[in-house]
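[1] Output the structure for:
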Amino acid sequence: MAGPSGVKTPRPRGRPPRLSGPLVIETAAKLVRENGLRNLSMRALAERLGATPMAFYHHVGDRDALVAHVVEHIFEQLVLPDASLAPLDWLREVAMRVRALGLEHRGVMDFLLEEGPAVHGALVVLDRTVTKLHEAGVPWHEAGDLHNTFFSWLAGTIRRQEQWASRQEDAPPPLQRFHAAALALPAKDYPGVAQTLTRMRTLDVEAEFQNSLDFMLEGIGRRLEQHRARKPRGR
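    Next comes the predicted model:
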């Protein structure tokens, strides 16, 4: 039987496995890797495990609870960088690892943007990031704001890339509407648009991500320098 994305979901053969919370969550995470979090349903999960949808409520609750369990399970796979790294190097490595995790599990960034770091694994990232920045001289409240800004940007860039990657083969290329609207404007009257269009028509998603990551880290680096400059000598 075909799943929501058109990919056939194989039916289990033989005797269905004995259900348990970990088995249900791991199987659901596999479905997320295949079809995305938004397409995760109790019905698809039941077909994969050879059970009935009602059988899962005892183990994981309703679909909202299942989604939270799955996102937590996914974030348990995230290994944070060595704490001895300098703050900006640590943040860069975290960004790369979260991005890889997000692109592999489409829809997880939507969950985090909507719910915030509502699962333990995401709360650990928050705690370690804010603590790392505070230890580098940033006040607690500002460290929290920097975390929110940095990871909101990161989740947004991952979300956009995964949407582009999931487009149908016959769909128009990304940004086609922007290109058409920009081309309709006289370049002499809109030089900023014209220059942006020239660059964006040769869009390299990987290069754009690295550039924007550099911009974010440069801004955080300047904040760190400002706080270091204000720190009294001898402390």
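[2] Would you mind pulling up the elements that the helix or strand hosting R92 packs against?
    Using DSSP states H and E, the element containing R92 is helix 87-104. Counting contacts by 3 or more CB pairs under 8 Å, 6 or more residues apart in numbering; DSSP states H and E, helix 87-104 packs against helix 108-115, helix 120-135, helix 140-165, helix 205-230. Quick note: C-beta positions are derived from backbone N, CA and C, even for glycine.
[3] Mean neighbour count, those helices: which tops it?
    Per residue and on average, the most neighbours among the helices and strands packed on helix 87-104 fall to helix 108-115, with a mean of 19 (mean count of other CB atoms under 10 Å).
[4] What helices and strands are in contact with it?
    In terms of contacts (3+ CB pairs under 8 Å, 6+ apart), helix 108-115 is packed against helix 63-75, helix 87-104, helix 140-165.
[5] Just the angle for the first one relative to helix 87-104, thanks.
    Think helix 63-75. With axes from the mean of the first three to the mean of the last three CA atoms, to 10 degrees defining the directions, helix 63-75 sits at 130 degrees from helix 87-104.
[6] Would you mind giving the orientation angle of helix 63-75 with respect to helix 120-135?
    For helix 63-75 against helix 120-135, the angle by the same axes, to 10 degrees is 50 degrees.
[7] again with the last one
    What separates the directions of helix 140-165 and helix 120-135 is an angle of 130 degrees, with the same axes, to 10 degrees.
[8] if we can go back for a sec, indicate which one of the helices and strands packed on helix 108-115 is closest to E206.
    If you check each of the helices and strands packed on helix 108-115 against E206 by CB to CB, helix 140-165 wins as the nearest, at 9.2 Å.
[9] from what I can see G221 touches L88, true?
    Yes. Between G221 and L88 there is a contact under CB atoms under 8 Å: 5.5 Å.
[10] Common neighbours of the two, please.
    Residues touching both G221 and L88 (CB atoms under 8 Å, 6 or more residues apart in numbering): there are none.
[11] With adjacent residues omitted, what lies nearest to P81?
    Sequence neighbours aside, E93 is the residue nearest to P81 in space, at 4.1 Å (criterion: CB to CB, 6 or more residues apart in numbering).
[12] now swap in H69 and tell me
    I25 (4.9 Å).
[13] so how many other residues sit close to that neighbour?
    By other CB atoms under 10 Å, the residues close to I25 number 20.
[14] repeat for V32
    Other residues lying near V32 total 23 when counted by other CB under 10 Å.
[15] What strand or helix carries it?
    Per DSSP H and E: helix 21-35 holds V32.
[16] cool, P117 as well?
    With DSSP H and E as criterion, P117 is part of no helix or strand.
[17] got the domain boundaries for the protein?
    As given by automatic domain parsing, the domain ranges for the chain are 21-74, 87-166+204-230.
[18] what's the average pLDDT for the first one?
    Domain 21-74 shows an average pLDDT of 91 in the prediction.
[19] Repeat that for stretch 97-106.
    Average pLDDT, stretch 97-106: 95.
[20] That one: which residues count as buried?
    By neighbour count with 16 or more other CB atoms under 10 Å, stretch 97-106 contains the buried residues 97-99, 101-102, 105-106.
[21] what about that stretch, distance to the chain center?
    In terms of CA atoms, centre = their mean, to the nearest Å, the centre of stretch 97-106 is found 6 Å from the chain centre.
[22] Likewise for stretch 20-37?
    On CA atoms, centre = their mean, the centre of stretch 20-37 falls 17 Å from that of its chain.
[23] gap between the two ends of stretch 160-176?
    15 Å (CA to CA, to the nearest Å).
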